[in-house]
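Student: sharing a model prediction with you, sequence too.
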Amino acid sequence: MMPFRVVLAKECLDGVRDRRAVISALIFPLLAPFLVYFLIYTMIEMRSQDKGLVVAVQGAEHAPHLLDWLTERGVEFSMPTGDPRLLVSTQAVALLLVVPEDFAARLDGTKTAYVELVSDSSRTDARVAVARVRHLVRSYNAELAALRLIARGVSPAVMNAVEVVDEEVASKQEIATAVLGFIPIYIVLAAFISGMGIAVDSTAGERERKTFESLLINPVSRLQIVLGKWVAATVFAVLGMSMTLVLCMLVMSYVQLEALGLRFQVSPWQVVAMLLATLPLAFLATSMQMLVGIFAKSFKDAQSYIGFLVLLPMLPGLYTTFNPINTETWMYAVPMLGQHLLLTDVMGGVDVPVLGYFLSPLSVLLLCFVFSAITARLFKRESIIFS
């Protein structure tokens, strides 16, 4: 194991001295907490704006009771003039409520009265406000309908033939984890980004600098050389992933999630369990990057090839976000998917089967050794040195 330790020490020392590798290892872990804070702060701001709703109205004089009812529920009004569609399309207002002249007459005649809600569905910032205004108008309609029934001696309960009673089975921690699903993606992504500089430099970088020949002429097993380079790159990947995890959890403790109706608390033991859950991904990422990097003739070429690998850890998170699945024990053995499920379950406080803690790292580490063995075999080819 002496050659392995020599290669490991040499690659770690070169990595620390290489400013490019250090920056690539630390820039994402340092930026990720700021991104998390910004996204959560934006969600809180959108919620606060929703509470202070301002609605543009035309024809307010035709429905004074409706406006008084909305005012009691915290809605404020503006009275713009001009073509309603032009005002909305030019983004002069986010939405506009138009009350026709016959609104009061139709209500008094117990007929259906109409209001026109002009909006632009392509504006994502206005969707919450539009949905709330539509909900408020429907609530106003339900209240008037109940009063009409009472005036005729009919109980409003006859309109409620079937009513839904909500019963939530998920804990508040699980709900918060589902809403904050982008955090596990950041943590997993850090494992693929932080060690990339060392993994690429130890393969494509050495090939570009023409230093492979002086390394491979030594009577040392190619597998030991590959393992030394691999573990050195993994050290940086683990460091970056650990920083991302700890800093993101630290940011979460300072963000006022109560403003979103969420409660999120993570114990130190959960942080340790989350780190152990994602640790195999650091080994997998660097082994894949070294294998791909060995085919590149320069550091720049390797970066373009490896850029596609960064998309792989995002796929399980995106898939489960848009297509939730029922977690089964065998899924923990699927590389990347198993780590994502394990990380999400631990973060949400869900009890994970003991077998899942063994299947998740076992399958990944076996795949890592396969990639390392293939890389070591490629190191024996003369084309690696002379092409």
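Tutor: Cool, got the structure.

Student: just the strands in the chain please.
Tutor: Secondary structure of the chain (DSSP state E): strands located at 54-58, 76-78, 95-98, 116-119.

Student: of these, which stretch is the most buried?
Tutor: Of those, the one with the most neighbours on average (mean count of other CB atoms under 10 Å) is strand 95-98, at a mean of 22. C-beta here means a position set from N, CA and C on the backbone, and glycine is covered the same way.

Student: what's that one packed up against?
Tutor: Judged by 3 or more CB pairs under 8 Å, 6 or more residues apart in numbering; DSSP states H and E, the packing partners of strand 95-98 are strand 54-58, helix 84-89, strand 116-119, helix 127-151.

Student: which residues does it contact?
Tutor: By CB atoms under 8 Å, 6 or more residues apart in numbering, the list of residues contacting strand 95-98 from outside reads 55-59, 80, 84, 87-88, 115-120, 126, 129-130, 133.

Student: rerun that using 6 Å as the cut-off
Tutor: Identification of contacts with strand 95-98 by CB atoms under 6 Å, 6 or more residues apart in numbering yields 55-59, 84, 87-88, 116-119, 126, 129-130.

Student: that strand: how far from the chain's middle?
Tutor: 34 Å (CA atoms, centre = their mean, to the nearest Å).

Student: what pairs with it, parallel or antiparallel?
Tutor: strand 54-58 (parallel), strand 116-119 (antiparallel) (DSSP bridges).

Student: pretty sure Val7 is touching Gly228, no?
Tutor: Yes - between Val7 and Gly228 there is a contact under CB atoms under 6 Å: 2.8 Å.

Student: in TSV: the strands paired with strand 95-98, plus mean pLDDT and distance to Ser372.
Tutor: Shown next, in TSV, are the strands paired with strand 95-98 (pLDDT from 0 to 100; distance: least, CB to CB, whole Å):
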stretch	mean pLDDT	distance to Ser372
strand 54-58	89	61
strand 116-119	92	57
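
Student: and those strands as JSON lines, adding distance to Pro184?
Tutor: Output for these, formatted as JSON lines (distance: least, CB to CB, whole Å):
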{"stretch": "strand 54-58", "distance to Pro184": "36"}
{"stretch": "strand 116-119", "distance to Pro184": "34"}
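
Student: tell me which of the strands of the chain lies nearest to Ser298.
Tutor: With CB to CB as the measure, strand 116-119 is the member of these nearest Ser298 (52.5 Å).

Student: low-confidence bits of the stretch 1-150 of the chain, can you list those?
Tutor: Within the stretch 1-150 of the chain, the set of residues satisfying pLDDT under 70 comprises 1, 46-52.

Student: can you pull out the helices in the stretch 201-350 of the chain?
Tutor: 206-209, 212-216, 222-254, 268-293, 299-306, 314-322, 337-347 (DSSP state H, counting those that start in this stretch).

Student: contacts only, for the residue lying closest to Leu107 once chain neighbours are set aside.
Tutor: Sequence neighbours aside, Ala113 is the residue nearest to Leu107 in space, at 4.9 Å (criterion: CB to CB, 6 or more residues apart in numbering). Contacts for Ala113 were tallied using CB under 6 Å, 6+ apart; they are 103, 106-107.

Student: centre-most residue in this protein?
Tutor: Phe182 (1.6 Å; CA atoms, centre = their mean).

Student: for Ala32, see how far away it is.
Tutor: Per CB to CB, to the nearest Å, Phe182 is found 10 Å from Ala32.

Student: one step back: among the strands of the chain, which is nearest Tyr140?
Tutor: Nearest of those to Tyr140, taken as CB to CB: strand 95-98 at 11.7 Å.

Student: ok, back up a step: which of the contacts of strand 95-98 lies closest to Gly195?
Tutor: For the contacts of strand 95-98, the nearest to Gly195 is Ala126 (42.7 Å; CB to CB).

Student: could you list the domains of the protein?
Tutor: Domain assignment of the chain by automatic domain parsing yields the ranges 2-43+172-386, 52-159.

Student: which one, of those, ends up nearest to Asp166?
Tutor: Nearest to Asp166 among those is domain 2-43+172-386; the distance by CB to CB comes to 13.0 Å.

Student: CA atoms only: put stretch 18-36 into CSV for me.
Tutor: C-alpha atoms of stretch 18-36 as CSV (Å, rounded to 0.1, in the frame of the first residue of the first chain):
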residue,chain,number,x,y,z
ASP,A,18,-3.8,24.2,-7.5
ARG,A,19,-5.9,27.4,-7.2
ARG,A,20,-8.3,26.2,-9.9
ALA,A,21,-9.0,22.9,-8.1
VAL,A,22,-9.5,24.6,-4.7
ILE,A,23,-11.9,27.2,-6.2
SER,A,24,-13.9,24.5,-8.0
ALA,A,25,-14.1,22.5,-4.8
LEU,A,26,-15.3,25.4,-2.6
ILE,A,27,-17.2,27.8,-4.8
PHE,A,28,-20.4,25.7,-5.0
PRO,A,29,-20.5,24.8,-1.2
LEU,A,30,-20.1,28.5,-0.4
LEU,A,31,-22.7,29.6,-2.9
ALA,A,32,-25.3,26.9,-2.2
PRO,A,33,-26.4,28.3,1.2
PHE,A,34,-26.9,31.7,-0.3
LEU,A,35,-29.0,30.2,-3.1
VAL,A,36,-31.1,28.3,-0.5
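
Student: so for that stretch, what gets flagged as buried?
Tutor: 18, 21, 24-25, 28-29, 32-33, 36 (16 or more other CB atoms under 10 Å).

Student: run the chain-centre distance for it.
Tutor: 18 Å.

Student: go on, stretch 320-340?
Tutor: Mean-position distance between stretch 320-340 and its chain equals 16 Å (CA atoms, centre = their mean).

Student: contacts made by that stretch with the rest, please.
Tutor: With CB under 6 Å, 6+ apart as the test, stretch 320-340 has contacts from 181, 278, 281, 313, 316-317, 341, 353, 355-356, 359-360, 363-364, 367.
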